[in-house]
Structures are given as C-alpha cells and as structure tokens.
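Enquirer: Pasting a predicted model and its sequence here:
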Amino acid sequence: MGSLVISGGRVVDPASGVDAVADVAIQDGRITAVGTNLGGAERMIDASGLVVSPGFIDLHAHGQSIPADRMQAFDGVTTTLDLEAGVMPVASWYRRQAEGGRVLNYGAATNWAFARIGAMVGSNEESSLEAFGRAMRDRRWMDNIATEAETAGILDRIARGLDEGGIGIGILNAYAPGAGVQELTAVCQLAAARNVPTFTHVAYMARIDPQSAAEAYIRLIGYAGATGAHMHICHFNSSSKTDIARCYELVRKAQLQGLPITVEAYPYGTGSTVLAAAFFSDPEFEARNGLGYDSVQRVTDGHRFSSRGELLAAQAEDPSQLVLWHVLDTEHNDRHRELLDMAVLYPDGAIASDAMPWSMPDGSTYTGDAWPLPEEATSHPRSAGCFTRFIRHWVRERGAVSLLEGIRKCSLIPAQILEASTPAMLGKGRLAAGADADVVVFDLDALTDRAEFTAMNRPSEGVRHLIVSGEPVIAEGVLDVAARPGRPVRRPSVRQA
C-alpha cells in the first residue's frame, strides 16, 4: 500500500482539539504523522480550502451492503455498524461480508430479537429484513413472556454471538414489547459480565401512560442501575416521539448520577421501519401517539394509510415492507424543531443515521452493483444524507455547535462509546499518528444532503475525498466503483464460523 499525504487542509481532530492548517501522512492503512511540511509521497492530495477530519462512524446502519456503503461514503462515513438490530449468526455474517468485499469498514452486534425468534418459535433463519417480516407472522416471540427454558435458549444464542465477535447486544425491545423484565435483566447481566454495550430500541414510544416512552426510559435506566450494563439509547429522537423534553430530563439526570447510558440521534423528524412493527397494530395507535394512520407512508410507492383496517391488511400481505413514520413536523412547527434540537444536540450524544436498506418497487432489498443506484431504488433520506445534513444545518448554517464539536459527534463520540469493549475502535475517530487511516476531506461551504422524501436516491455533495483503511474510495468527488477497502470491526472471537 503506497504512501499518501493530504496537504494544506484545515485539519480538525476532536481528540486533540486541533483545528489548524496541517498535513496528514498515511502509510499502510495508518496515519503516520500530522503536522506541517511532511514532504512528498507516492500520492498527494491538495486539501487547500478543505476540511480534513476523521471519517464519520455510524453506529446504526441497517443497509450493510455495497449500494448502502456507496451512498454513505458520500455522506462522509468510513465505518458503518449495525448495532441496534445486529445479526445472527454473527460468524457467518462476518464471513460473507469478507468474501463479498465491502466499501466501508463494517460490523454488527448480536441480535436479541432473532435469539427470541429461535428460542420461542423455532425458526432459525439467518437475520435479514425479509426474515424479520416473515417471523412477525407468528407473534409468540413478540407478545409472550419467555419461559425459563426459552430464556436460557435466548441467552445461549446471544452468548454464542458474543463469542463469535459481536460488538454488543442489539435489543429491539419495541418489536417484542411482551418481553418480561426478568428476561431483559438477564440479558443486561450477560452484557455487563461480558463488558459489552446493549443497543436498545426502547419498548414503548407513546406519549401517554401506560406503556409510554417515559416508562420505557425508566426501565432502561433501571437496567443500567441494577445490572451495571452499558445501555446505549438508539435514535433518541424517534423513540421519544413528541415527548422528547420529558425523556431528555429523565435520561440526563440518570447520566449525571453516573449511570452508564449513552445516546444517539438522527437529524430528521420522520422515522422508518417495517410495516409489521407491533406498535402500528395497537388498537389505540392514534390516541397513544397523537398521530393519524396517514402519518405512516409506504416507501416503495409513497402511499399513506387511511385506517387501521387498511394498515392491518397490508401487514398481513407483506409484513417486511418498509414504511416512513412522519412524527415531527419540523418544517412548520417551531416546537417540533425545538424537540429535534434537544435530541440532535444532546450533550455528548452521537449522530447515527438508522440508515435503511435500499428497496425496489416490489419490496425486495437492492444489493446490486449499479452506480448510481437504480432510479427506482428507495429508502429514507437519512440513508444518504444524515451526517452531511447535520453538519450543514446545525454547524454551518445555524452555528448551533462548532465544527470541532460537530465532527466530534460524528466521529470521536461514536468511537468512544465502543472502545472499552471493542479495541479496534481505539484507532478510529481520530487524526493522530498510529490511528487508522479513515479520513474524510470535504468542502464545508458546499457540503449538503440532497436526498428528500420525494427523491431519496440522491447522494450528498461536498465530500471531495474519502479514505478508508488508507485507500481512496472517493477522489476529487468521484467514486471508485472497484474500491473494496472496508475491514471488519469486531471483538476478539473465541468461536469460528
């Protein structure tokens, strides 16, 4: 691997606090020096007038494919991890990624939901969006308290995934709201014993009791306090819905008391999930969420539902269809904008996309090699423009945080959330000698998201160069379609596939 020097850029390193014009030297996948007058190299990048920063780290990305990687590359992402859901089995998933090659660094947690499916329903399909939808046809794993024998089976499957290198435990609690506190306490005790985080989609998201978002956060706080497990809150914005202010106060107080809780959010008021999610079939959906069924919109054709009956029929026909859930009207409602600010600007909170797979009109997941992506491929704008949207709107346009702090939320904070349990993350999120050569070079004035709900398939603009593991993926704003430098992010494993 040849030497590379990125010269004369505005180097912004949140770990050291550096924000100054400097050079960055790279050799064999590592940064070898940061300073001035570092000399020549086999390859030179003139970064004059551009920002040079650690590549962005996405803790919450479900795409995990070549097309998803390419869209995220233009969003400044160099490491993309599926932690909220995770995968199962873990070892075979990592093996397949390595065999097929990846554009970005990749990794995953072990999947609690699929452990439940296997232990309670007897289906041992490998995790995927389609398999998840099929599993939702048998609601036992979603609605039932696990027996002692089933709980043992769940824990055994999760432990096996950790043995195989899973980064932590992904807990999709909202998709199995019937799971009992005893089971989840045991899961968190396992996480604490293994010194790994849990990545939790909290059980409830309604604005009113019982089973409100506030109740769900109180439970999560209790798990952290009672077990010592590191509880990471996924998409704090969409999990809290319109009750963000109340939930913010609860979580922040728990953190200030020293509980091991971390937070992420994405900069949109609209969420996305599968149609069969349990919360959509709640008979009190409208009253409990303060939203009509027209807030749920099918991704593939833009159709908005009109009634519970129509939605239930669609669930039965194709449960794995992706839908948008329009919750915060940030274009027209000042209070909703304030609520999104609370989530996105949460102190020491990470930015994470919750990027969804790219879907074709028939509902299938697109995993092909075409670039640009097929015109008919759809997802959610956050799958293409999460980080660039945050930097554009909250950093450049509004000055809500400094560029240094904005980059910290996109790179260093995500790395620090993981580094105690996953040593590979100690080399990421930093621009310093010895760090991994995962670097984004962007034009701050031009950096922008372009994806919209009416045109989701638009790559972001402004990323001039993207370096992954020392190899260029984007050069002068052009994607190298042959590039496959992505490397696994994985805990040391004791079991092989």
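Expert: Received it, and whenever you're ready, just let me know what you need. Residues are numbered from 1 along each chain as shown.
Enquirer: what's the nearest residue to residue 348 if we skip its chain neighbours?
Expert: residue 413 (6.2 Å; C-beta to C-beta, 6 or more residues apart in numbering). For the C-beta atoms, the positions are set from N, CA and C on the backbone; glycine is no exception.
Enquirer: buried ones in whichever strand or helix holds that neighbour?
Expert: Under the criterion of DSSP states H and E, residue 413 resides in helix 413-419. Neighbour counts over helix 413-419 (16 or more other C-beta atoms under 10 Å) mark 413, 414, 415, 416, 417, 418, 419 as buried.
Enquirer: Compute the distance between the first one and residue 435, please.
Expert: As for residue 413, its distance to residue 435 is 16 Å (criterion: C-beta to C-beta, to the nearest Å).
Enquirer: what distance separates the helix or strand where residue 316 lies from the centre of its chain?
Expert: Element membership for residue 316, per DSSP H and E: helix 308-317. Chain-centre distance of helix 308-317: 28 Å, with C-alpha atoms, centre = their mean, to the nearest Å.
Enquirer: Return the mean pLDDT over it, rounded to an integer.
Expert: Helix 308-317 comes out with an average pLDDT of 92.
Enquirer: swap in stretch 357-376?
Expert: Stretch 357-376 comes out at a mean pLDDT of 93.
Enquirer: And for stretch 112-120?
Expert: On average, stretch 112-120 scores 98.
Enquirer: just stretch 62-76 next, same as before
Expert: pLDDT averaged over stretch 62-76 gives 98.
Enquirer: residue ranges of the helices in the stretch 151-300 of the chain, please?
Expert: For the stretch 151-300 of the chain, applying DSSP state H, counting those that start in this stretch gives helices covering 181-194, 213-227, 236-240, 244-256, 285-289.
Enquirer: TSV for the ones you listed, including distance to residue 269, mean pLDDT and mean neighbour count?
Expert: What follows is the helices of the stretch 151-300 of the chain, written out as TSV (distance: least, C-beta to C-beta, whole Å; pLDDT from 0 to 100; neighbours: other C-beta atoms under 10 Å):
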stretch	distance to residue 269	mean pLDDT	mean neighbour count
helix 181-194	29	98	19
helix 213-227	15	98	20
helix 236-240	7	96	26
helix 244-256	10	98	17
helix 285-289	14	91	17
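Enquirer: tell me the contacts of the closest residue to residue 161 other than its chain neighbours?
Expert: Spatially, and ignoring its direct neighbours in sequence, residue 161 is nearest to residue 110 (2.7 Å; C-beta to C-beta, 6+ apart). Residue 110 makes contact with 86-88, 90, 157-158, 160-162, 164, 166, 168-170, according to C-beta atoms under 8 Å, 6 or more residues apart in numbering.
Enquirer: Next: residue 358.
Expert: 63, 65, 67-68, 71, 365-366, 373, 377-379, 383, 457.
Enquirer: now do 6 Å
Expert: 67, 366, 377, 379 (C-beta atoms under 6 Å, 6 or more residues apart in numbering).
Enquirer: mind saving the C-alpha coords of stretch 470-482 as PDB?
Expert: The C-alpha coordinates for stretch 470-482 follow below in PDB (Å, rounded to 0.1, in the frame of the first residue of the first chain):
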ATOM      1  CA  GLY A 470      -5.600   4.100   3.700                       C
ATOM      2  CA  GLU A 471      -7.200   3.500   0.300                       C
ATOM      3  CA  PRO A 472      -9.200   6.100  -1.700                       C
ATOM      4  CA  VAL A 473     -12.900   5.400  -2.100                       C
ATOM      5  CA  ILE A 474     -13.800   8.900  -3.400                       C
ATOM      6  CA  ALA A 475     -11.200  11.000  -5.200                       C
ATOM      7  CA  GLU A 476     -12.000  14.500  -6.500                       C
ATOM      8  CA  GLY A 477     -15.600  13.800  -5.800                       C
ATOM      9  CA  VAL A 478     -15.700  10.700  -7.900                       C
ATOM     10  CA  LEU A 479     -16.500   7.200  -6.500                       C
ATOM     11  CA  ASP A 480     -14.100   4.400  -7.300                       C
ATOM     12  CA  VAL A 481     -16.600   1.700  -8.100                       C
ATOM     13  CA  ALA A 482     -14.000  -1.100  -7.800                       C
END
